[in-house]
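>>> just the structure for this:
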Amino acid sequence: MAKIGFIGVGNMGGPMAANLIKAGHELKVFDLSADAVAKLVEQGAEAAETATDAARDVDVVITMLPAGKHVKSVYLGDDGVIANAREGALLIDSSTIDVDTAREVAAAAKARGLRMIDAPVSGGVPGAEAGTLTFMCGGSDEDFAAAKPYLEAMGKNIIHAGGSGNGQAAKICNNMVLGITMIAVSEAFVLAEKLGLDAQTLFDISSTSSGQCWALTSYCPVPGPVPTSPANRDYKPGFTAANMLKDLRLAQDASKSAGARTHLGAEAARLYTEMEEQGRDGLDFSAIVKLIRES
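From the prediction side, this is the model:
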């Protein structure tokens with residue numbers, strides 16, 4: 001079993017770290033929230049005083065951070081993970097960030113002789129708790145192979161997407177599809193309401209015909225057809241609208257950088273920005289149906 005430093009043990013990182021403890025690994029954890037750290041200490045982890053401390057004298061460093069600026073702050077500089085990790089350490093960043101930052105940090109790690117992959121996740125808090133996350137990984141074949149056993153303790157689907165940054169590219173492309181399809185499904189249900197078509201009837205038809213998609217059959221945005229969807233819990237989030245907007249903005253930044261045309265992605269970002277402006281971004285992203293219904 002390995003000694004692992006885990007930096008960022010909040011809503012997602014906390015249960016991910018807990019699954020590593022259950023798998024028998026020795027963890028040293030750090031987070032700005034003392035309560036988040038305390039929960040893991042109760043499960044057998046050691047509390048690190050700083051992020052730098054969490055990176056010292058461990059075999060693996062895993063990070064789950066909010067944005068690219070936080071990843072740069074934690075990894076780069078004299079007090080960063082890269083400068084303080086032991087020789088040969090493996091670095092795994094599971095944050096969802098911009099592709100350019102992921103590649104910059106990976107290059108800095110390689111320059112110091114460290115192994116690193118970017119491994120953003122899909123599956124939300126329920127997937128983190130159940131250990132069924134999907135990891136989309138960018139890095140060399142060798143670094144991916146080294147990281148895979150640790151990822152398997154936290155997830156169900158571990159996919160190598162190519163070189164450094166490609167994990168982030170896969171994540172933002174996937175979530176752009178999800179953001180767009182959730183809007184399409186929401187528009188269809190709102191239109192059905194106005195035409196006098198029952199939601200369950202539309203679900204029964206579309207879920208078995210050409211309208212079938214994950215946003216409909218697993219996460220239906222109206223109450224009733226899918227009992228486990230957030231629509232039946234007043235849109236208590238599994239994945240917040242704020243997080244969806246973050247990913248859509250990352251996709252727009254990447255499309256501009258790559259010279260790609262993503263018209264529907266841009267419109268999806270605009271609509272989720274409206275949710276943010278209305279103070280609804282703490283709701284589940286499927287609550288976009290409320291905005292569409294009121295438009």
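>>> all strands for the stretch 151-295 of the chain, in order.
155-162 (DSSP state E, counting those that start in this stretch).
>>> where does it dip in pLDDT?
Applying pLDDT under 70 to the stretch 151-295 of the chain picks out no residues at all.
>>> contacts for whichever strand or helix holds residue 15?
Here residue 15, judged by DSSP states H and E, is contained in helix 13-22. The contact list for helix 13-22 (C-beta atoms under 8 Å, 6 or more residues apart in numbering) reads 4, 6-7, 9, 27, 29, 31, 36, 39-40, 43-45, 62, 64, 94, 125, 128-129, 131, 133, 150, 153-154. Where C-beta positions appear, they are placed from N, C-alpha and C, glycine not excepted.
>>> just the buried members of these?
4, 6-7, 9, 27, 29, 31, 36, 39-40, 45, 62, 64, 94, 125, 128-129, 131, 133, 150, 153-154 (16 or more other C-beta atoms under 10 Å).
>>> narrow those residues to those in helices?
36, 39-40, 125, 128-129, 150 (DSSP state H).
>>> where is pLDDT lowest across those?
For these, the weakest pLDDT value sits at residue 125, with 85.
>>> and that one, what does it touch?
Counting by C-beta under 8 Å, 6+ apart, residue 125 touches 11-12, 15, 238.
>>> quick one, what contacts the residue lying closest to residue 286 once chain neighbours are set aside?
Spatial nearest neighbour of residue 286, excluding adjacent residues (C-beta to C-beta, 6 or more residues apart in numbering): residue 221 at 4.1 Å. Residues in contact with residue 221 (C-beta under 8 Å, 6+ apart) are 182, 185-186, 189, 215, 229, 231, 286-289.
>>> neighbour count and distance to residue 255 added to these, as a markdown table?
Output for the contacts of residue 221, formatted as a markdown table (neighbours: other C-beta atoms under 10 Å; distance: C-beta to C-beta, whole Å):
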| residue | neighbour count | distance to residue 255 |
| --- | --- | --- |
| 182 | 28 | 19 |
| 185 | 26 | 23 |
| 186 | 24 | 23 |
| 189 | 23 | 28 |
| 215 | 21 | 21 |
| 229 | 22 | 29 |
| 231 | 24 | 30 |
| 286 | 25 | 24 |
| 287 | 24 | 25 |
| 288 | 26 | 20 |
| 289 | 22 | 25 |
